[in-house]
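Asker: Following is a predicted model, sequence given first.
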Amino acid sequence: MSDTTSPGAAGDPAAGTDVHAQHFHNMVMQIANTALTFLGAVPHPETGEHIQDLDMARLLIDQLAMLEVKTKGNLSAQEAALLKQALMAARMAFVEVTKRGKQPALDVSKPAPSVETAKTPDESTVPKASIDEDERKKFVKKY
């Protein structure tokens, strides 16, 4: 796609920010949903099977964490909340799977952790820090 077709190319650099915000939203959602797919939380979109590849899920979670670190201070409140929510959902699903051991798939009778795809959360829908400090320390990367 050439620069002349982007909304911000007509002379107003701020006009393209909505497009960039939507692309950022889509990228975060794609990474988070792919991580959940590799954790077996959601079925594979093509086959419908629940698969589990913890190494790939860990890589995708690490990518979300990297995005959080590298974009700190450069995101709108809604974008930061979306990234935080997606990262938390993926990490919690990873912890649930690893606590149970390497099972073929998650228990599909209970709802899978999901990341909202319909809209970007605003500050009123994002829960405040209700997790105490001890619970945050339970997630540890092991390589």
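Answerer: Ah, there it is.
Asker: right, and the helix or strand after the helix or strand hosting Leu36?
Answerer: Using DSSP states H and E, Leu36 sits within helix 17-38. Following helix 17-38 in sequence order, the next helix or strand is helix 54-70 (DSSP H and E).
Asker: Which is the succeeding secondary structure element to that next one?
Answerer: helix 77-100.
Asker: for that following helix, packing partners?
Answerer: helix 17-38, helix 54-70 (3 or more C-beta pairs under 8 Å, 6 or more residues apart in numbering; DSSP states H and E). The C-beta positions use only the backbone N, C-alpha and C, and glycine is treated the same way.
Asker: May I have it as CSV, with CA atoms only?
Answerer: Extracted as CSV, the C-alpha positions of helix 77-100 are listed here (Å, rounded to 0.1, in the frame of the first residue of the first chain):
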residue,chain,number,x,y,z
ALA,A,77,-5.2,4.9,28.0
GLN,A,78,-7.4,2.6,25.9
GLU,A,79,-4.5,1.0,24.0
ALA,A,80,-2.6,0.5,27.3
ALA,A,81,-5.7,-1.0,28.9
LEU,A,82,-6.2,-3.4,26.0
LEU,A,83,-2.6,-4.5,26.0
LYS,A,84,-2.7,-5.1,29.8
GLN,A,85,-6.0,-7.0,29.6
ALA,A,86,-4.7,-9.2,26.7
LEU,A,87,-1.5,-9.9,28.5
MET,A,88,-3.2,-10.7,31.8
ALA,A,89,-5.7,-13.1,30.1
ALA,A,90,-2.9,-14.9,28.2
ARG,A,91,-0.8,-15.2,31.4
MET,A,92,-3.6,-16.5,33.5
ALA,A,93,-4.5,-19.1,30.8
PHE,A,94,-0.8,-20.2,30.7
VAL,A,95,-0.7,-20.5,34.5
GLU,A,96,-3.9,-22.6,34.5
VAL,A,97,-2.6,-25.0,31.9
THR,A,98,0.8,-25.4,33.5
LYS,A,99,-0.8,-26.0,36.9
ARG,A,100,-2.7,-29.0,35.5
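Asker: Kindly calculate the angle that it makes with helix 54-70.
Answerer: Calculated by axes from the mean of the first three to the mean of the last three C-alpha atoms, to 10 degrees, helix 77-100 forms an angle of 150 degrees with helix 54-70.
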